[in-house]
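>>> sharing a model prediction with you, sequence too.
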Amino acid sequence: MAATAKARLVDLALHDGVAVLRLNDPDRRNALSKALSDDLARAVDSALDVGARALVLTAAPPVFCAGGSLDGLINREVPLAEMYAGMERLAAAPVPTIAAVGGAAIGAGVNLPLACDIVLATPDARFDPRFLDVGIHPGGGHLWRLAARVGAQGAAALVLCGDALTGEEAAACGLAWRCVPQDRLEPLALKFAGRAAARDPELVRRAKRTLTASLALDRAEDASALELAAQQWSVDRPGFAENVRRIQDGLRRSPNPTARESR
């Protein structure tokens, strides 16, 4: 059974180890006000505190996130650095994070899916940085994360030249992993998250940590050494040999010979 708690602007629902975080300020197009960002940070913390093993980020339609609050940019009562709490918590989450984008992500709103490990989109999704159109420089690591997904040329096209991507285009160039119809978006996100949550949580966290660390390396030898240390840790853990024997026993009993060969 799902347990549900409601933050002011972000809903949090828990399903069998998966936390669904839903931006829920549709009247303001889920704009990244300080309040919404803080609520998102609290929702991430709350999900991890109760043992969530994967996070899904989605939003009340029709807009995924309209970017930074324009009123906040004009008034500037809050330091810019404090506007990124929600995105930073997502990016720092030690468990797999999946963004399910079914509408427009604009300006700083693009930072939210970029902070996630996996982005799923619909054809109606739109990724439109648009920072320069309102006279503001990108922030929150936007350029770095965007270039990591689409390359320097793609980041230049989107940020400097004002290009935007549909969900299908985002999937084609690597900004999103898949583009699916709207009715398949959240089920697919939950399927991905459920697979991650069903695996050994300590091993999943270690693998994510290794993946993140490896992205900062320049040499294959360093990446191999990093993975070797983590792999050695995994085979030295109590119960490893017993688990492998269970898999072997299951394969021996399997009527499908290709199942044995695929392991």
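Received it, and whenever you're ready, just let me know what you need.

>>> tell me the buried residues in stretch 10-21?
Using 16 or more other Cβ atoms under 10 Å as the test for burial, stretch 10-21 gives 10-15, 17-21. Placement of C-beta: from N, CA and C, glycine included.

>>> actually stretch 229-248, not the one I typed
residue 230.

>>> contacts for it, please.
202-203, 206-207, 210, 263 (Cβ atoms under 8 Å, 6 or more residues apart in numbering).

>>> and stretch 24-33, what's buried?
For stretch 24-33, the neighbour count (16+ other Cβ under 10 Å) marks 24-25, 29-33 as buried.

>>> center of this structure, which residue is that?
In the chain, the residue lying closest to the centroid (Cα atoms, centre = their mean) is residue 116, at 1.9 Å.

>>> does that one touch residue 95 like I think?
No - with contact defined as Cβ atoms under 8 Å, residue 116 does not reach residue 95; the gap is 11.1 Å.

>>> so what sits against both of the two?
Both residue 116 and residue 95 are contacted by residue 55, under the criterion Cβ under 8 Å, 6+ apart.

>>> where exactly do the strands run in this protein?
Along the chain, the segments classed as strands by DSSP state E run 3-6, 10-15, 18-23, 54-59, 97-101, 104-106, 118-121, 126-128, 165-166, 178-179.

>>> the fourth one to strand 18-23, inter-axis angle?
Pointing back at strand 54-59 there. Comparing the axes of strand 54-59 and strand 18-23 via axes from the mean of the first three to the mean of the last three Cα atoms, to 10 degrees yields an angle of 20 degrees.

>>> repeat for the fifth one
Orientation note: strand 97-101 sits at an angle of 40 degrees relative to strand 18-23 (the same axes, to 10 degrees).

>>> partners of strand 97-101 in the sheet?
strand 54-59 (parallel), strand 118-121 (parallel) (DSSP bridges).

>>> pretty sure residue 30 sits against residue 62.
No - if you go by Cβ under 8 Å, residue 30 and residue 62 don't touch, sitting 9.8 Å apart.

>>> distance from stretch 110-124 to the middle of the chain?
7 Å (Cα atoms, centre = their mean, to the nearest Å).

>>> related to what we said a few turns ago, state the pair within the buried residues of stretch 10-21 that is farthest apart.
Pairwise distances across the buried residues of stretch 10-21 (Cβ to Cβ) peak at 19.2 Å, for the pair 10 and 17.

>>> quick one on the thing from earlier: mind putting the strands of the chain in TSV, mean pLDDT and distance to residue 217 included?
What follows is those, written out as TSV (pLDDT from 0 to 100; distance: least, Cβ to Cβ, whole Å):
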stretch	mean pLDDT	distance to residue 217
strand 3-6	51	39
strand 10-15	96	34
strand 18-23	98	30
strand 54-59	98	26
strand 97-101	98	22
strand 104-106	98	29
strand 118-121	98	21
strand 126-128	98	28
strand 165-166	98	29
strand 178-179	98	27
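
>>> including distance to residue 238, could the ones you listed go into JSON lines?
As requested, the strands of the chain are exported to JSON lines (distance: least, Cβ to Cβ, whole Å):
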{"stretch": "strand 3-6", "distance to residue 238": "31"}
{"stretch": "strand 10-15", "distance to residue 238": "29"}
{"stretch": "strand 18-23", "distance to residue 238": "27"}
{"stretch": "strand 54-59", "distance to residue 238": "24"}
{"stretch": "strand 97-101", "distance to residue 238": "29"}
{"stretch": "strand 104-106", "distance to residue 238": "44"}
{"stretch": "strand 118-121", "distance to residue 238": "31"}
{"stretch": "strand 126-128", "distance to residue 238": "45"}
{"stretch": "strand 165-166", "distance to residue 238": "47"}
{"stretch": "strand 178-179", "distance to residue 238": "37"}
